[in-house]
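S.K.: build me a structure from this.
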Amino acid sequence: QVFADGSVGGPAVNPFPVVPSPMVTPRTIASLYGIPPHTVVTHPQATQSVVEFEQQYYDSADLSLFLRSMGLPDADAAVVVGPNDQSNPGTEALLDIEYIMGVAPGSPTWFWSIAANSTTEIDDILQWAVAMGNTQNPPLVNSISYGMSEGNVDKYLGPGYLARSDVEFQKLALRGITVIIACGDTGAGDLGGPPMGYNDCEVLHPDWPSQSPYITAVGSTYITPYA
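M.R.: As a prediction, this is how the structure comes out:
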């Protein structure tokens, strides 16, 4: 594989055969990370949030059903910022809020939604970062499952957008605020076509904003019977 800076990587080898991954529940994740069963967050300032774009909303009834089905305390978002059309819930938003609340039951959870500012649904993450910086007592742990290829940021969001975002992420980090961002869904090539990705994987492209040094980037864990 050829990286964006021209360097060449070695071949990738998978030591295991392809096998189906078992169902992953909040308890599965808690077990992997050594969280004891029946752990409940009790400190009122141990806050967390999910940040949504692209008109992704959640439904309180679906969240309640999920938590009860998982044997967890029933709950709802403590704070909702921005639009949330509960009659039109989205898969991404439901996945995000159900699993963050399922892994950390009892944690006051914010649902922060940024309205789409264009028909192309480009994620205006800088808008959220600035708003967070202007919020007193914002949530301490923030999960974002959105982004785009680093090379497309300034092209589609405007010159200097990436650099300014890093400044805002740095400000949040200095306040002790954790921002956790997914590395993307389509591998190191960031496939998917513009504006979010690229049409081929001949060159590997880092995903933004998970490439920022001021946030925590999250990949994925493939769970198999061999793990």
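
S.K.: contacts, neighbours, all on C-alpha from now
M.R.: Fine.

S.K.: quick one, strands of the protein?
M.R.: For the chain, strands defined by DSSP state E occupy the ranges 2-3, 48-52, 79-81, 109-113, 141-144, 148-149, 178-182, 203-204, 207-208, 216-218.

S.K.: other residues contacting the fifth one?
M.R.: What that stands for is strand 141-144. 47-52, 96, 177-182 (C-alpha atoms under 8 Å, 6 or more residues apart in numbering).

S.K.: neighbour-wise, which of those residues leads?
M.R.: Neighbour counts for the contacts of strand 141-144, by other C-alpha atoms under 10 Å, peak at residue 52, which reaches 29 neighbours.

S.K.: confidence score at that one?
M.R.: Note on residue 52: pLDDT of 97.

S.K.: run the chain-centre distance for the lowest-mean-pLDDT helix or strand in the chain.
M.R.: Using mean pLDDT, DSSP states H and E, the weakest-scoring helix or strand in the chain turns out to be strand 2-3, at a mean of 72. Centroid separation between strand 2-3 and its chain, computed with C-alpha atoms, centre = their mean, to the nearest Å, is 25 Å.

S.K.: packing partners for it?
M.R.: Helices and strands touching strand 2-3, by 3 or more C-alpha pairs under 8 Å, 6 or more residues apart in numbering; DSSP states H and E, are strand 203-204.

S.K.: any chance of TSV for the strands of the chain, columns distance to residue 90?
M.R.: Shown next, in TSV, are the strands of the chain (distance: least, C-alpha to C-alpha, whole Å):
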stretch	distance to residue 90
strand 2-3	34
strand 48-52	10
strand 79-81	16
strand 109-113	12
strand 141-144	15
strand 148-149	19
strand 178-182	18
strand 203-204	30
strand 207-208	22
strand 216-218	22
